[in-house]
Structure formats: C-alpha cells, structure tokens
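Chemist: What shape does this take:
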Amino acid sequence: MTDSRGSDQGFSTRAIHVGQEPDPRTGAVIVPIYQTSTFAQPAVGQHLGYEYARTGNPTRTALQECLASLEGTEAAVCFASGLAAEDAVIRLLTPGDHIVCANDVYGGTWRQLDQVHRRFGIESTPVDMTDLDAVAAAFRPTTRYLWAETPSNPLLKILDLAALAQLAHERGAWLVADNTFATPYLQQPTALGADIIIHSTTKYLGGHSDVVGGAVCTDAATASDLAFLQNAVGAVPGPFDNFLTLRGIKTLGVRMDRHVVNAMRIAEVLEADPRVEAVHYPGLPSDPGHDLAKRQMTGAGGMVSFRPTGGAETAARVCQGTELFFLAESLGGVESLIEVPGIMTHASVAGTPLEVPDDLVRLSVGIEDVDDLLADLDRALAG
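Modeler: Model (predicted):
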C-alpha cells in the first residue's frame, strides 16, 4: 500500500488494513491503545512524531488514515464529537461570512449555526436544497459554504451533491457534505465534488453505540488548518474512543449491507400498512429521492421515517410500545432504535424554519432478524 489511501484496494480491505499495519515492535495485529498524555523525547526540540496527546496520538493517526482512505480524501482529522468537527469547519470562516444550509439538517447542527456562530458574525440561511433554483437564490457575495446533509435527518431527503458542488464552485464557495447517514460505503461525496466531508463517527462508523466522536475528511491543506484548530481548542477524541471507532469500521461494509436489507423490508411493509400515512425511505420507488439515490448511492441506508395515522399522540404511543426498538436518541448501531425527532433529537429547531412534524417517527433499523423487528412494530402500531 504505497498510497496512504490504499485506493488500489477494495473498500472492506482498506477498512481493515489502511493505517493498521501490525505493530512493528510486538507484532500485534490490532492498533494499540496509546493511553498516554505525553511522549518521551530523545533530545530538546526533537521528538519521534508525537510530543503531547492533544496534538497527536498514534491511535488517532491510524483512524484518520483509515477514514481518509475510505472517503477518498488526502487527509482526515478526528474530533471528540460530530458537533466538534462541525464547529472546527465553521471556525475556518471569518465574521461576515455566510452559509447556505439545508432546511432539514440535524437539530444540533442548526443550533450551532443559529445560536452559537451567529453571535460571532457567521450568518446562515436554511433553504430547501432539493430546489436548486432556491439554493442559487440564497447565495450572497459572502457565501462560503453550501452545507448539505444527504440523506437528511430526519426526513431522509436526497440532495444532488454533484449539482450542488457545481453550483457552489461556480460562485467561489465550497460544498460541505455530511455523510453520516450514508457512510463512505454507500456514498462518496468527494467523487461528486464535495470539498469537505463531515461524520459523526458515533453513528454507523463506530456502529455499536459505545463511543462518541466526529471526523472531517478533506484535502491536506484544509486538514492542516483543522488540525491547528483541533490542537488550539482541544476538542480531541481519546485513544480508547479512536480504538473503538477503528474496531467498528472493520465491519462497516457487512453491517451496512444488513442495515439496508432490513430497512428496505421494513419500509415496504410500513408503506402498505393502513395504520401508516406516509413513509420516508429513498429505497422505495415512491420516494421523491429514489431515482437520485439510485444514481448517487449504492444503497438507501438504514434509516426509515414514517408518520402513523392518528397524529402526535399515536407517534408517541408507538415509540413507547416497542420492545426490540429501544426508545433512544442517536442511530447507526447494531441494535434498532426508535424516537420522535420533533421532541427528542430535533427539539432545538421547534419554532424555527427547520421545525420537524410532531407526528414523525424515526427508526434506526439495526441488524437483528427483520421478522422480529416487523413483529415488534406491528405490536406497537396495534397499541
């Protein structure tokens, strides 16, 4: 693997091997957890690649090299959370700059844009990014980022990344793509023109609901700027968090295959159920984003949203009536989760242009036996 991204090898091979060569001293086949805060230096002003663990850690380096390979970028920088990664990307801007973002981004993203960075002179405009004319109309001379999330959270809209990249680049802006829901296994934003790819590694990359983290994949120069911010601000992941994320990435391909199969089956059953008014899943031929998802993705993902007949009270009752689907925030783990986003993960957007319907139910479909999951949902819908 002369190329650090291992681009000549298959996805799962790179997920298991890039940045993860056997330890040269012991032969350990798994990257060690370098649980140390500092590193001994052979002489004043000289070090062996690492000096202080906030600045760098070998376990973190391995994860960053692996993620860059999977996303097809020159480099990656890992953070303590997905929101810490987003914060660093926004800190690359200066007061007076402007961001056009999707009007159904994750609630935490909008909270950060609207309630944190706006105070420091970074303006943001939410817009329906499925409407390219509306996106173009939202541009200002100071617009620096198009901030796209596809599939979106929680309505699972599919955005045309190639068209958005062209639109941004023609106007001197960058396309920032949140690839958390799709993962690099199902979608390659870099190949479609994205300049910066963001992940909450807490989700599918970690995959086991036991770690919190974030990452930015981009070109080497931008990664260097982000690494400066990472060191200066200190929002770094611990070595054990990096280890757990690397462990999860090794099985990303096989897990995503199962997530997609299970989600598709559940979406089909829900769509045919008279107790359900609407289903959002790009794998369904009836979904508005279906054709674009087929062109842009290799699978529709493991997230399904639906609106049960009966409104918000029914939605809450369904979420409290499941047994295998745990009522919990987050997503992307091997176990199935259920929630009402408008009250839980997206409560911060209530009363804003991004408000989520209060009767929307979001499923993170796990890798359990799908017939058991269907039976669980059927019991909950029956009340």
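Chemist: give me the low-pLDDT residue ranges for this structure?
Modeler: In the predicted model of the chain, residues 1-7, 345-355 satisfy pLDDT under 70.
Chemist: tell me the contacts of residue 306?
Modeler: By C-beta atoms under 8 Å, 6 or more residues apart in numbering, residue 306 lies in contact with 270, 276-280, 360-361, 363. From N, CA and C alone the C-beta is placed, and that goes for glycine too.
Chemist: Could you check how many residues crowd around the nearest residue to residue 325 once chain neighbours are set aside?
Modeler: Excluding its sequence neighbours, the residue lying closest to residue 325 (C-beta to C-beta, 6 or more residues apart in numbering) is residue 338, at 4.0 Å. Look at residue 338: counted by other C-beta atoms under 10 Å, it has 24 neighbours.
Chemist: Quickly note the distance from residue 338 to residue 251.
Modeler: Residue 338 sits at a distance of 23 Å from residue 251 (criterion: C-beta to C-beta, to the nearest Å).
Chemist: thinking again about what came up before, pull out the buried residues from the contacts of residue 306.
Modeler: Among those, the ones that count as buried by 16 or more other C-beta atoms under 10 Å are 270, 276, 279-280, 360-361, 363.
Chemist: State the helix or strand in which residue 197 lies.
Modeler: Using DSSP states H and E, residue 197 maps to strand 196-200.
Chemist: Show me how far the host helix or strand of residue 304 is from its chain's centre.
Modeler: Assigned by DSSP H and E, residue 304 falls within strand 303-308. Mean-position distance between strand 303-308 and its chain equals 19 Å (C-alpha atoms, centre = their mean, to the nearest Å).
Chemist: Sheet partners, orientation included, of it?
Modeler: strand 276-280 (antiparallel), strand 361-364 (antiparallel) (DSSP bridges).
Chemist: show me where this structure has strands.
Modeler: Using DSSP state E, the strands of the chain run over 75-79, 98-102, 123-127, 143-149, 174-178, 196-200, 214-218, 276-280, 303-308, 326-327, 337-339, 361-364.
Chemist: among those strands, which is nearest residue 37?
Modeler: For the strands of the chain, the distance to residue 37 is smallest for strand 75-79, at 17.3 Å, taking C-beta to C-beta.
Chemist: ok, residue 213 - contacts?
Modeler: Shown in contact with residue 213 (C-beta under 8 Å, 6+ apart): 78-82, 200-202, 206, 237, 241-242, 245.
Chemist: excluding its backbone neighbours, what's nearest it?
Modeler: Distances taken as C-beta to C-beta, 6+ apart place residue 201 nearest to residue 213, at 4.0 Å, with adjacent residues excluded.
Chemist: hang on, the earlier thing: go through the strands of the chain and name the closest to residue 224.
Modeler: With C-beta to C-beta, the closest approach to residue 224 among the strands of the chain belongs to strand 75-79: 7.8 Å.
Chemist: Can you list the residue ranges for helices in the stretch 101-250 of the chain?
Modeler: Using DSSP state H, counting those that start in this stretch, the helices of the stretch 101-250 of the chain run over 107-111, 132-138, 161-170, 183-186, 220-233, 239-249.
Chemist: Same list (these) but as TSV, adding distance to residue 121 and mean neighbour count.
Modeler: Shown next, in TSV, are the helices of the stretch 101-250 of the chain (distance: least, C-beta to C-beta, whole Å; neighbours: other C-beta atoms under 10 Å):
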stretch	distance to residue 121	mean neighbour count
helix 107-111	17	21
helix 132-138	18	15
helix 161-170	21	19
helix 183-186	33	25
helix 220-233	17	16
helix 239-249	32	23
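Chemist: now these as CSV including distance to residue 15?
Modeler: Output for the helices of the stretch 101-250 of the chain, formatted as CSV (distance: least, C-beta to C-beta, whole Å):
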stretch, distance to residue 15
helix 107-111, 26
helix 132-138, 33
helix 161-170, 22
helix 183-186, 8
helix 220-233, 20
helix 239-249, 5
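Chemist: To residue 40, which of those helices lies closest?
Modeler: Evaluated over those, closeness to residue 40 peaks at helix 239-249, with 16.8 Å, by C-beta to C-beta.
Chemist: Let me see the residues that make contact with the closest one.
Modeler: Outside helix 239-249, the residues that touch it by C-beta under 8 Å, 6+ apart are 15, 20, 30-31, 33-36, 53, 57, 59-60, 62-63, 66-67, 70, 78, 80, 201, 205-208, 210-213, 237.
Chemist: One more: stretch 321-336?
Modeler: So stretch 321-336 is in contact with 180-181, 202-209, 255, 302-303, 319-320, 337-339, 344-345, 362-368, 372-373, 376-377, 379-381, 383, going by C-beta under 8 Å, 6+ apart.
Chemist: And that stretch, what's buried?
Modeler: Across stretch 321-336, burial judged by 16+ other C-beta under 10 Å covers 321-322, 324-326, 328, 330-333, 336.
Chemist: now swap in stretch 96-108 and tell me
Modeler: Here stretch 96-108 shows 97-108 as buried, counting by 16+ other C-beta under 10 Å.
Chemist: Same question for stretch 18-31.
Modeler: Using 16+ other C-beta under 10 Å as the burial criterion, the residues of stretch 18-31 that qualify are 18-20, 31.
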